[in-house]
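*Asks:* Quick one: sequence and predicted model below, then my questions.
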Amino acid sequence: MIRKGHGRIAALFLATVMTAGFAADRSIGIVLAAEGERESGASVAESFSIERLTSNYTKVSAGYTASDYRGEAKVFPMEEAVAASDKGLLTDDNYGYDGKTADIRHGMSLKMAVEVPETALYWIGFDYLSYDESILPIEFSLKVDGDYPFYEARNLNFETNWVQDGSMSKDRYGNEIVSMPDKLIQWETKALSDSSYRYAQPLKVQLEKGTHELEIMVSEGSFLLGNVTLSAPETVAEYTGSSPAPGSELITIQGENFYLRNDSSIHAIGEYDSALYPLSATETVLNTVDSDSFKTAGQSITWQFEAPSDGYYYLAMNYRQSEKNDFPVFVDWRIDGEIPNTAFQSYRVEYSTKYTTRTFQDEEGNNLSVYLTKGSHTISATISAENLCYVLEKVDEIMNGINDLSLEVTKVAGTNKDKYRDLKLTRYIPDVQERLYGWVDELNELAEYATQFVDEKDAEDVAAFGYLLIAAKQLKTLGDEPNELIYRVDELSTSVNSINTQIANFVDLINDNNLSIDRIYLYQEDAKLPKKLNVFRSAWLSIKRFANSFFGTSYSASNTDASHLQVWVNRPRQYVEIMQKMIDEQFTAETGIEVDLSIMTDPQKLVLANASGDTPDIATGINYSIPFELGIRGALVDLTKFDNYKEVFGRYSEGILVSSVIDDGLYSLPETMNFYVMFYRSDILEKLGLEPPETMDDLIAMLPDLQMRGLNVFYPTAQMLVMRNFHGTTPLLFQYGGSLYGETAQEIELNSEASVEGLTALTELFTLYDLPVDIPNFYQHFRNGDLPIGMADFNSYNLILNAAPEIANSWDIALIPGIVDEETGEINRYMSGGAESTVMFASDEEREQQAWRFMDWWSSTEVQAEFGQMLQIMYGDEYIWPTANLEAFAELPYPTNHKDVIMEQAENILEAPRLLGSYMMERELSNSFNDIVVNGETLRARIDEAVKTVDRETGRKLEEFGYIDSEGNIIAEYWVPSVDALHKIFETK
């Protein structure tokens, strides 16, 4: 029995909203004070981000009164510094470290005491060693005497370095491919630094003379912590001019042959460009640093080289920097770990759409030189954002102010935008025009600030800052008519083309520092730098490359061996290269079964291939709904015929297997899952005094608190603009105990009491509780803060995790709020989760047995975990692998707290069944939703109409496939896929 108490919540909700709406329409302004608001009367919204803006390092350090410490570094051994209560964390198993260390892991904290010799500004340094296999950096926070010294101390990182073994990996076609780096397990030292790297130097902390307590709280990773050091802040030597570099020596460093990097995903790529070396017309050769992997502030690459003799050397580089139109990327260059002088600090790498070779020069055009002794050296490039720190912090403040104004306007005017209302906004927000014009001036000033880094004199010619100028113009039009703002409030922060969206686009652009490095040169005056290929050599290579394109291409179905197992993969080349390498080195080596992978660009090709009899043995990475269409037509193999099928299918959540069921067989293996979780802005909920909701009743109860401030909640049906598929229409129906079908296909239960109640709850979210019905991009609204709660999928998770740095510490995820089952007291949190699947096509028995061995191997915990780890290590954090194998998922490099939530929610996946005519069920549910929510039709009548349509189409398909005759008589029952049907299969086969 499912709880049916949402009527009481609805009454409370309506009473609150009607009161708020009445106040708004009377133009008295809804300035309802929430608990904890400031006595000045400012809204809660105004303080959402106040701490981040007022206590950041720039603001705090501006108030420092002490001078830099100038004495000897003070080292505090961990054994002496650690608090008595944390002595149990000390260990002697310390990888050769001199003295005891503390072994700290996720969720732990450690307190230490340091004796400060004098009141001054210090760098606080730590010795550490990351010993686990995770690619994620160590994340922790630091308190000094119980408080964060500045906002950045809430999110600090210890990175690890990655090395290459020196050998070049090649695929079976002779093409060079990205190889797996190795984590360097060694002791490192790092001073307290900003994890966003807006500050290139470590952050200073002002400490008074005496004893102080340091507390580290670990949120990610496992590591050993050694000595703590208080040291004098260092400065880079001033540039006083460059020395000439007589001689004829030339040192060439290939960009792709780097020795060390602090991010495993930095990698080389093979491009065909006559300006690159090496270059091949017939095979892929890795010849430059992939700009998509080297683009984030703080990323660093180190190369080794040999200097043939003592002397001065100029530096030059063949590179491409084409992401920021007419704006430079800033790089810190180090020789043997040190920046030679300020000329090499935040050095400007100019915009260039093509590979170009340029010598490093100072602002007066003089070549920069460095002195090298004969022997081994290193050169490092670290992307810097320090020159743009002021801009980024300023736009952060402006975006926050615009969000606050948007909420203030909504509080005053409500959501009623009737143009005939007589409401003068300036009466309630007297400084609204001043604020709007102030932001216009500030944005124009920021664009003007950028001209110092480019040759342009006019700010409007700095293309990279164009988004800010667009935002400034929009703000000016609003400022010219401030009383019209009540009708145009969406233009501030909530619409797709809002002012804050323009500013956010600028932040995204300015944080992308994509830099490709082909070669680095250290040379002397009489040396000649290599030139590009001459026109004849370039033309000959192009002709040769064109001719080669007519012959067999790698990972193509036209270039395979028919005696090998044929596997079509619906994924990009990077994925296929890793898969083929793992297959060759592991599966084929163990079994002797040869496998050819082919990239499948269009899964619909499978239907055509089946019709022509040219199918592969296996297809993987295909949408989870496709196997039914193939299986019902006899193209696929029933996987229950294999002896260990129960073991293999036992690797998945039962609910995700529903779409694999056809009659009494299983015809597909899940490969990935599209998990749904609840996202919430922890900063906003904290300021409002709200907790993340556990149930839908909790969610509905908090809507008045959100909506009276212009905030709202996102439900995934709102993002499905063309077709509201099962992922958006069935979760609440299932949570209320409803179903789409009975035991057989002819038993349509869409109009059962439980199903109707679930659909009523779904549609009332939009008709009664006023959730937004069309949200093309939840990610952007979540960033803006106007939708601080939302149920969204894996794609949104990946975007928010990796492409929303400005809210990195201000959001979290939780289980989907569900419906309480009054009989068990449990919360039903059912959501969809199907993504991609693997299928086997019918063939001879021997070949099917080989194909099953491959499917068993590919879906195994060890292989799925290794593949996911390799993918993320080699290509970056955004290449998250959402494997459907839950044991393998537990081993992937997701943030630990998030991983626990996702895995628990994955156990609540429940897919809608796929059967004959179910496409009409999906379509009619979508049409019914639109008719009820958008067109105002009655739910009962519309659902009854949908049942008739579905019943008619189901009957037609049952007749087509021979389950009933033309008179409707049953020839064979078509059993509906379900978890119960799955259990029956396991019991009987």
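*Replies:* Arrived safely. Numbering: from 1, shown residues only.
*Asks:* quick one: low-confidence parts of the stretch 351-500 of the chain?
*Replies:* Residue ranges of the stretch 351-500 of the chain with pLDDT under 70: 415-421, 456-457.
*Asks:* If we use 50, what do you get?
*Replies:* Scanning the stretch 351-500 of the chain for pLDDT under 50 picks out no residues.
*Asks:* Got the confidence number for the nearest residue to residue 977 once chain neighbours are set aside?
*Replies:* On the basis of CB to CB, 6 or more residues apart in numbering, the spatially nearest residue to residue 977 that is not a chain neighbour turns out to be residue 661, at 3.5 Å. Any C-beta I mention is one placed from the backbone N, CA and C, and that applies to glycine too. pLDDT, residue 661: 96.
*Asks:* now residue 554
*Replies:* Residue 554 is given a pLDDT of 80.
*Asks:* What separation do you get for the spatially closest residue to it that is not a sequence neighbour and residue 598?
*Replies:* Counting by CB to CB, 6+ apart, residue 173 is the residue found nearest to residue 554 once chain neighbours are left out, at 4.0 Å. Counting by CB to CB, to the nearest Å, the gap from residue 173 to residue 598 is 12 Å.
*Asks:* wait, isn't residue 172 in contact with residue 588?
*Replies:* No: using CB atoms under 8 Å, residue 172 is not in contact with residue 588; the gap is 10.2 Å.
*Asks:* neighbour count winner among the two?
*Replies:* Comparing residue 172 with residue 588 by other CB atoms under 10 Å, the one with more neighbours is residue 588, at 17 against 14.
*Asks:* and the more buried one, what does it touch?
*Replies:* Counting by CB atoms under 8 Å, 6 or more residues apart in numbering, residue 588 makes contact with 594-595.
*Asks:* burial measure for residue 468, as a count.
*Replies:* 28.
*Asks:* residues touching it, list them.
*Replies:* 395, 443, 446-447, 502-503, 506.
*Asks:* Assign it to helix, strand or coil.
*Replies:* helix (DSSP: H, G, I helix; E, B strand; the rest coil).
*Asks:* And for the one 4 residues further on?
*Replies:* State at residue 472, reduced to three classes by three-state DSSP: helix.
*Asks:* how far away is it from residue 458?
*Replies:* 14 Å.
*Asks:* who has more neighbours, these two?
*Replies:* residue 472 (23 against 9).
*Asks:* The more buried one contacts residue 438, correct?
*Replies:* No: between residue 472 and residue 438 there is no contact under CB under 8 Å: 11.1 Å.
*Asks:* in this structure, which helix has the most residues?
*Replies:* helix 389-413 (DSSP state H).
*Asks:* Identify all contacting residues around stretch 777-785.
*Replies:* Applying CB under 8 Å, 6+ apart, the set of residues contacting stretch 777-785 is 48, 403, 493-494, 496, 498, 500-501, 504, 679, 681, 684, 711, 714, 718-719, 775, 787-788, 790, 792, 796, 799-800, 803-804, 806-807, 811.
*Asks:* Quick one: mean pLDDT for that stretch?
*Replies:* pLDDT averaged over stretch 777-785 gives 86.
*Asks:* got it, and stretch 789-796?
*Replies:* 96.
*Asks:* now do the same end-to-end measure for it.
*Replies:* Stretch 789-796 stretches 13 Å from its first residue to its last (CA to CA, to the nearest Å).
*Asks:* And stretch 259-267, by the same measure?
*Replies:* For stretch 259-267, the end-to-end distance is 11 Å (CA to CA).
*Asks:* ok now that stretch, how far from the chain's centre?
*Replies:* Relative to the chain's own centre, stretch 259-267 is displaced by 19 Å; criterion: CA atoms, centre = their mean, to the nearest Å.
*Asks:* what sits up against that stretch?
*Replies:* By CB under 8 Å, 6+ apart, the list of residues contacting stretch 259-267 reads 135, 159-164, 178, 181, 183-184, 258, 289-290, 293-294, 296, 298-304, 378, 380, 872-877, 879.
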